[in-house]
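J.: Quick one: sequence plus predicted model below, questions after.
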Amino acid sequence: MKILITGCNGQLGTELRKQLKAGCSEIGPIPEKLRTATVIPTDLAELDITNRDEVVSFVRRMQPDVIINCSAYTNVDGCESDTDAAFKANALGPRNLAMAAEKVGARLIHVSTDYVFSGADNGGVPLDESHPTGPVSAYGRTKLLGEQYVRQFCRRSFVVRTAWLYSYTGKNFVFTMMNAGKKFGKLTVVNDQRGNPTNAVDLAHHLLKLAVSHEYGVYHCTGEGVCSWYDFACEIIRLSGTPAEVAPCTSAEYAAKNPAAASRPAWSALENRMLTCTVGNEMRPWQEALAEFFKHYTPEE
């Protein structure tokens, strides 16, 4: 089996390559069919997914069985100021991959986001895959269009929404909190935006389960349990032993100090219903996955 990974040097792409090489994750073994898979890792230098002709030519030449799209323009504030770049990466890129996958009969796994939802209060109930979308930011709008293109142009597709992703590499909230805590000794974090922290290990493990299935459709794949960014930050500081205090603030207070920041969904907790009903939901509780992260994490000198 051949697996093409776009965005291979990002948080998720790196973790996917790691699991495919090891044949397992912290959760358990990957599907047997993938243990001898040929991995085709690509990033912008190897493949510009926003160029349709380049994508079609590359995919036709490589003939992958599965394409996992980890590429995206994820700078939420940057998407507001450079909508064209966001549109190309988050909408046209997935469209191009979907069209190319359809031509060679490949399965396409496209990674999306909780930002496709409005953030409106749902009575404290996590949102499952049937919940109406309604993005409030350029990032969310372009990611939603990417989802729609994938489903429109590729019959063998999986759209997988995740949230609050962190990993052992790259830029993420866990490292931001630790670094800021060490530098300033005190952090102020919003406590009225709630969602699901997600370890890239768990997400990658489930993407590989989907890769060998025919359970096509829209999925949510996030850590189990709901918390605020403030709760998440407190647990990061506690588990990492960072000498810092964490204070809560409201989104309005944060916006007043950061007027250029894009709107974030206040409620984007997701329910992994499709996983539970198809290939199985092994996503760990977010506290457990974070604790396991710090057991394995080795700080860079």
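T.: Yep, that arrived. Numbering: from 1, shown residues only.
J.: Name all residues that make contact with residue 98.
T.: Residue 98 is in contact with 108, 110, 149-150, 152-154, 157, counting by CB atoms under 8 Å, 6 or more residues apart in numbering. Placement of C-beta: from N, CA and C, glycine included.
J.: Restrict the residues you listed to the buried ones and give me that as a PyMOL selection.
T.: Per 16 or more other CB atoms under 10 Å, the buried members of those correspond to this PyMOL selection:
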select buried, resi 108+110+149+150+153+154+157
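J.: Could you single out the nearest of the contacts of residue 98 to residue 191?
T.: The closest of these to residue 191 turns out to be residue 110 (CB to CB; 31.9 Å).
J.: So that closest one, which state does it fall into?
T.: strand (DSSP: H, G, I helix; E, B strand; the rest coil).
J.: Check whether it really touches residue 97, as I assumed.
T.: Yes: using CB atoms under 8 Å, residue 110 makes contact with residue 97 at a distance of 7.4 Å.
J.: what's downstream of the worst-scoring helix or strand of the chain on mean pLDDT, the next helix or strand?
T.: Lowest on mean pLDDT, DSSP states H and E among the helices and strands of the chain sits helix 251-257, with a mean of 90. Next helix or strand after helix 251-257 toward the C-terminus (DSSP states H and E): helix 273-277.
J.: tell me which residues of the next helix or strand after that following helix are tucked away?
T.: Using DSSP H and E, the next helix or strand after helix 273-277 towards the C-terminus is helix 286-296. Of the residues in helix 286-296, 286-287, 289-290, 292-293 count as buried by neighbour count, 16+ other CB under 10 Å.
J.: Check stretch 210-217 too.
T.: Neighbour count says stretch 210-217 has 210-212, 216 buried, by 16+ other CB under 10 Å.
J.: Can you get me the start-to-end distance on it?
T.: From its first residue to its last, stretch 210-217 covers 10 Å (CA to CA, to the nearest Å).
J.: same deal with stretch 122-133?
T.: 13 Å.
J.: same deal with stretch 70-80?
T.: 21 Å.
J.: ok, now how distant is the nearest residue to residue 71 once chain neighbours are set aside from residue 150?
T.: Leaving out its chain neighbours, the residue that sits closest to residue 71 by CB to CB, 6 or more residues apart in numbering is residue 7, at 3.7 Å. From residue 7 over to residue 150 the distance is 15 Å, taken as CB to CB, to the nearest Å.
J.: Between residue 110 and residue 97, which contacts overlap?
T.: 69, 150.
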